[in-house]
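>>> any chance you can model this:
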Amino acid sequence: MLHEIVDFIVNTVESLGYIGIFIMMFLESSFFPFPSEVAMIPAGLLAAQGKMNLILAIMIGIAGSLAGALFNYFLAVKFGRGFLVKYGKYFFISEETIAKTEKFFKDHGAISTFTGRLIPAVRQYISFPAGLAKMDLKVFSLYTTLGAGTWVSILALIGYFFGANEALAKEHTKEITIAVLVSVAILVFWYVRRQKKV
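Take a look at the predicted model:
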């Protein structure tokens, strides 16, 4: 059953081509619960089979991720603060909390955006506080691209080298996810230490 699902996804990516990668990564990067592994690992496998260009697939994946992140960012800019001020109290979110979040992202938006893009379950939603704080759009786009680019490249390369073996691809994805989370923790620790010295 699982093998059939994987085959279906690979065939879907192949049939839709680069447009399919863009759409899937847009969905993954916005607030839809769509895992990036579903798009980029099959894309890497197809590149290994000579049916796609690996570099182009990665670039399209990054573009889709950035587009989805910008969608969330502008959604938060347009409706975020007003919505949270009006309804946040029902979710224990005070206006003071909102103000602190805005200040935090104005001061530490770059590192938060970059590391957030590398953390599962966080990467889809990191754009909302950035938009809420009206983080500089160029800075937001740059660090979103760097973070998404890192993750998209990792997944595409897993697919390229191990995609034909589903169990091996899953194992390497798990191992690399743990390694990325450890690296993020080290980076955040270094950043906090550096900020204390400033």
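
>>> got a pLDDT number for residue 178?
At residue 178, the model reports a pLDDT of 91.

>>> residues near it, how many?
By other CB atoms under 10 Å, 10 other residues sit near residue 178. In short, each C-beta sits where N, CA and C put it, glycine included.

>>> by contact count, what packs against the strand or helix carrying it?
In this structure, residue 178 is located in helix 166-197 according to DSSP states H and E. Applying 3 or more CB pairs under 8 Å, 6 or more residues apart in numbering; DSSP states H and E, we find helix 166-197 packed against helix 2-29, helix 37-48, helix 95-116, helix 137-162.

>>> just those helices: most buried one?
Comparing these by mean neighbour count (mean count of other CB atoms under 10 Å), helix 37-48 comes out on top with a mean of 26.

>>> just the angle between that one and helix 137-162, please?
60 degrees (axes from the mean of the first three to the mean of the last three CA atoms, to 10 degrees).

>>> run the angle between helix 37-48 and helix 166-197 for me.
Using the same axes, to 10 degrees: helix 37-48 against helix 166-197 is 120 degrees.

>>> off-centre distance for the helix or strand just after helix 37-48?
Counting by DSSP H and E, the next helix or strand C-terminal to helix 37-48 is helix 54-75. Centroid displacement of helix 54-75 relative to its chain, using CA atoms, centre = their mean, to the nearest Å, is 9 Å.

>>> still on that earlier bit, show me what counts as buried in the helix holding residue 178.
Buried residues in helix 166-197, defined by neighbour count with 16 or more other CB atoms under 10 Å: 169, 172-173, 177, 180, 184.

>>> repeat that for stretch 73-83.
So stretch 73-83, judged by 16+ other CB under 10 Å, has buried residues 73, 75-77, 80-81.

>>> if we can go back for a sec, and the angle for the helix holding residue 178 with helix 95-116?
120 degrees.

>>> show me how far helix 166-197 is from its chain's centre.
Relative to the centre of its chain, helix 166-197 is centred 14 Å away, using CA atoms, centre = their mean.
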